[in-house]
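Undergrad: sequence isn't available, so here's the structure alone:
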DNA sequence: AGATTGATCCAT
DNA sequence: TGGATCAATCTG
């Protein structure tokens, strides 16, 4: 159960996005832990990506995307739902990966497998993990109570599918980029 | 298909 | 300072 360090995120955003598939999002509340395997993400890559909040430049909201990698970017959308992103790449290059869906593993079955269920959609992920703006601009680490873990699940390239990002129709040619990755 | 909901951003 | 917009979700 290795905690993924900021070094992992200080790499090309598309590499990080693919690398996050199969990793675990872990939330600690008191002595309770919530954990789920990441199965769907989207990359928001650089200042020219019109789908990215950072394409409008550095603002109060987007400054975290311009900051160091390994920090959480959490924002409210449609006045109701939070979205969780992890900042990638070096300082001053605005980029992040949105965590869209996770798989929650349950009890062991008699045949040695495990039951599981899916939390699909960034708003639902935040609701399930009890994530709100408190985490914005905080690090992904044990000390904040929200981090990414490597549990050595092997994800091969052929297991990874890609598609267009969701809900970015306004983004011109960037809307068609295949920056959504899922298992 | 339509309602919800409020922070954010930019044009007035 | 106001009004459009939004990395979504729920209900019918």
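TA: On my side now, so go ahead. All values derive from a computational prediction rather than experimental measurement.
Undergrad: and the residue located most distally from the centre of chain A, what element?
TA: For chain A, the largest distance from the centre (C-alpha atoms, centre = their mean) belongs to residue A:110, which lies 32.8 Å off. Counting by DSSP states H and E, no helix or strand carries residue A:110.
Undergrad: quick one: is stretch A:103-122 near DNA strand B?
TA: No. Stretch A:103-122 is not in contact with DNA strand B by C-beta under 7 Å from any atom of the strand; minimum separation 12.8 Å. C-beta here means a position set from N, CA and C on the backbone, and glycine is covered the same way.
Undergrad: helix or strand next in line after the helix or strand containing residue A:64, which one?
TA: Assigned by DSSP H and E, residue A:64 falls within helix A:63-66. For helix A:63-66, the succeeding helix or strand toward the C-terminus, using DSSP H and E, is strand A:72-77.
Undergrad: and that following strand, what does it pack onto?
TA: On a contact count with 3 or more C-beta pairs under 8 Å, 6 or more residues apart in numbering; DSSP states H and E, strand A:72-77 meets helix A:63-66, strand A:81-87, helix A:122-129.
Undergrad: quick one: the helices in chain A?
TA: A:6-9, A:13-20, A:63-66, A:122-129 (DSSP state H).
Undergrad: with respect to burial, which of those scores highest?
TA: helix A:13-20 (a mean of 21; mean count of other C-beta atoms under 10 Å).
Undergrad: centroid residue for chain A?
TA: residue A:99 (2.8 Å).
Undergrad: so what's the residue nearest to that one when sequence neighbours are not counted up against?
TA: The shortest distance from residue A:99 to any non-neighbouring residue, by C-beta to C-beta, 6 or more residues apart in numbering, is to residue A:84 (5.0 Å). By C-beta atoms under 8 Å, 6 or more residues apart in numbering, the residues touching residue A:84 are A:25, A:72, A:73, A:74, A:98, A:99, A:122, A:125, A:126, A:129, A:131, A:135.
Undergrad: so which of the residues you listed comes closest to DNA strand C?
TA: Closest approach to DNA strand C among the contacts of residue A:84 (C-beta to the nearest atom of the strand): residue A:98, at 3.5 Å.
Undergrad: ok, the nearest residue to residue A:2 once chain neighbours are set aside - contacts?
TA: The shortest distance from residue A:2 to any non-neighbouring residue, by C-beta to C-beta, 6+ apart, is to residue A:150 (4.5 Å). Contacts for residue A:150 (C-beta under 8 Å, 6+ apart) come out as A:1, A:2, A:3, A:4, A:23, A:24.
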